[in-house]
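1. predicted model and sequence below, questions to follow.
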Amino acid sequence: MKSRIVKHQGPWVIAVVLLAGLVDAKCADSGNGGMSGSRPNVVFFLGDDQSRFDHSAYGNPTVPTPTTDALSKESLVFDKAFTGQAICAPSRSMLYTGLYPLRNGCFINHTKIRAGVKTLPVYLEELGYNVILAGKSHVGPAAQFSWSKSFPPVENEGASRPGIPLDEIDGFLADPGTKPFCLLITSEFPHPPYMKSTPYTADDVTLAPFISKSERSLKNAAFFYANIVEKEKELAAVLKLLEEHEQKDKSIVFYADDHGLFRGKFTAYDSGLNVAFMVRWPEKVKAGRSDALVSFADFVPTMIELAGGNPPQELDGKSLLPILENGGGKIHDYVYGVTVNQGILDRHVFPQRSVHDGRYHYIHNFNSLERIKRDESEGKEIHPFLKMGAEKHKDLPEEMLFDTQSDPHEMNNLAGDPKLTEIKQRLKSELFRWMREQNDYLTESGSVPFLQVGKRFALDQYDAELNPIPKGLVGCLKGKTINPHDATAPKADR
């Protein structure tokens, strides 16, 4: 508060001046046009396994997404929103912690966050909110995700997956109580398996250019469209309930997908990491589009600030309120991506890390065949599992660089272009700086370790269909794997 000097005035004038100063200070503190501390109700609808390119709002001319298309016309639509890992549990854990996967500890699917990591329900309940999860969870441990209420998915007759619990959502919105709420509605669609039938044919679908137009690909896309329709129906039902219970104008609505699917899931491409993301808040957030570089890590600090708290400095994300208020602006210079590939059904060793500046996207492949051959030429002994992982991606070099402005589907690797050497080196330096900050277990020239995962997904666990490894490799990693949480713990904790 600025000091003011008032001469020859009575006590009542001084009191008025001081009061005016306090009002000025309070207005200055609120900031962001009153959004900070405004404590609205919040609804976040999360789709499962849908690429940004599989939305009409993002340019696909044939995909059946009428609900998200209509929502986009009322929302601020983000063109450059990113998750940090294109796989379910890590993406959701990042959304709910404000930390990238390596820091929160969940960078392998079907695993838990690190002990002591604070989560969205904890932050918001401390600020007087109820935080409800309605639908798919896929995060843990339960003790650290202390939802005020949790409504599990329900049987969905005739559908390929369970549905969102609409009756419970309806009941809650009819009587939400006196506290503001954050309602997370997490669909299981359009994640496979696909519906038994589809009204769509090969002539109805649009494929990204990196997908071959084979009969199988076209058929898969036609069935994928049927799954998308199920998610669109769920979202439409939720938006209708908000209107019926007079919540539309009082609630800020977020829509996003956890990550992409085709040449997206388990990869570091934009088709996996660059997600659909839109925000609707009538009379508060102006509808339009933003090219601001934003991250799933930004949701937690955004919610904390909306609720009237101060986001911790140690979070990886930043509040989106300046962008929501102004329709644009910049909060990040870079966003980052992680890929592991151990601990999944199609288990193998091919870790990736990436950095994106909004235009150029640099990806480093740590177990490329190129690197394997270089190590062999230097006389290094290469473990069979490393060779097998490299062979699965034999066409991917150690470094990839894409200009996503001219090449949005990342078809043309520019890493070897001498004209872009300076850009590549800048991004590469930034990536390895970030990896050190995140306590990554990988380094540029160090070995690629084997990670401890559940027995079902272990590299040396024989599976006739999913992991038909030579008998000589069964059980060969006993005592040779590292604990993921220990390997990425802050150095002071090791």
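-> All right, it came through fine.
2. tell me which stretches of the stretch 101-250 of the chain form helices.
-> 101-104, 120-126, 166-174, 215-244 (DSSP state H, counting those that start in this stretch).
3. tell me which of these lies nearest to residue 53.
-> Comparing those by their distance to residue 53 (C-beta to C-beta), the top pick is helix 215-244, with 11.5 Å. No exception for glycine: its C-beta is placed from N, CA and C like everyone else's.
4. sheet-wise, list the partners of whatever helix or strand comes next after the closest one with their directions.
-> Once the chain leaves helix 215-244, the next helix or strand it forms, by DSSP states H and E, is strand 251-257. Here strand 251-257 has these sheet partners by DSSP bridges: strand 41-47 (parallel), strand 274-280 (antiparallel).
5. how much does the last one deviate in direction from helix 215-244?
-> Going back to what we said before, that points to strand 274-280. Strand 274-280 and helix 215-244 are oriented at 20 degrees to each other (axes from the mean of the first three to the mean of the last three C-alpha atoms, to 10 degrees).
6. contacting residues around strand 274-280?
-> Under the contact criterion C-beta atoms under 8 Å, 6 or more residues apart in numbering, strand 274-280 has outside partners 47, 50, 52, 55, 57-58, 68, 71-72, 74-78, 80-83, 252-260, 285, 287, 294, 296, 320, 324.
7. now do stretch 306-323
-> 31-32, 35-40, 42, 76, 98-100, 103, 123-124, 126-129, 180, 252, 279, 290, 292, 294-302, 304-305, 329, 331-332.
8. can I have the buried ones of these as a PyMOL selection?
-> What follows is the PyMOL syntax selecting those of the contacts of stretch 306-323 that are buried according to 16 or more other C-beta atoms under 10 Å:
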select buried, resi 32+35+36+38+40+42+76+98+99+100+103+123+124+127+129+180+252+279+290+292+294+295+296+297+298+299+300+301+302+304+305+331+332
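9. which members of the contacts of stretch 306-323 are positioned in strands?
-> 42, 76, 252, 279, 290, 294-295 (DSSP state E).
10. any idea which of those residues is closest to residue 151?
-> residue 42 (16.2 Å).
11. which residue packs closest to that closest one, ignoring adjacent ones?
-> In space, residue 42 comes closest to residue 182 once its chain neighbours are excluded; the distance is 4.3 Å by C-beta to C-beta, 6 or more residues apart in numbering.
12. burial check on the one you found, number of neighbours?
-> If you count neighbours by other C-beta atoms under 10 Å, residue 182 ends up with 28.
13. is it correct that it is in contact with residue 125?
-> No. In this structure, residue 182 is not within contact of residue 125 by C-beta atoms under 8 Å, at 9.6 Å.
14. anything in contact with each of these two?
-> Overlap of the contact sets of residue 182 and residue 125 (by C-beta under 8 Å, 6+ apart) consists of residue 131.
15. domain map for this protein?
-> What automatic domain parsing lists as the domains of the chain is 1-30, 33-332, 337-493.
16. deepest in the core, which of these is it.
-> domain 33-332 (a mean of 20; mean count of other C-beta atoms under 10 Å).
17. and the spatially closest residue to residue 317 that is not a sequence neighbour, how far is that from residue 207?
-> Excluding the flanking residues, the one nearest residue 317 by C-beta to C-beta, 6+ apart is residue 297, at 3.2 Å. With distances taken as C-beta to C-beta, to the nearest Å, residue 297 is found 31 Å from residue 207.
18. which ones are touching residue 128?
-> Taking C-beta under 8 Å, 6+ apart, one finds 39, 179-180, 307 in contact with residue 128.
19. mind running it again at 10 Å?
-> 39, 178-180, 307-309 (C-beta atoms under 10 Å, 6 or more residues apart in numbering).
20. so how far is residue 135 from it?
-> For residue 128, the distance to residue 135 - C-beta to C-beta - is 24 Å.
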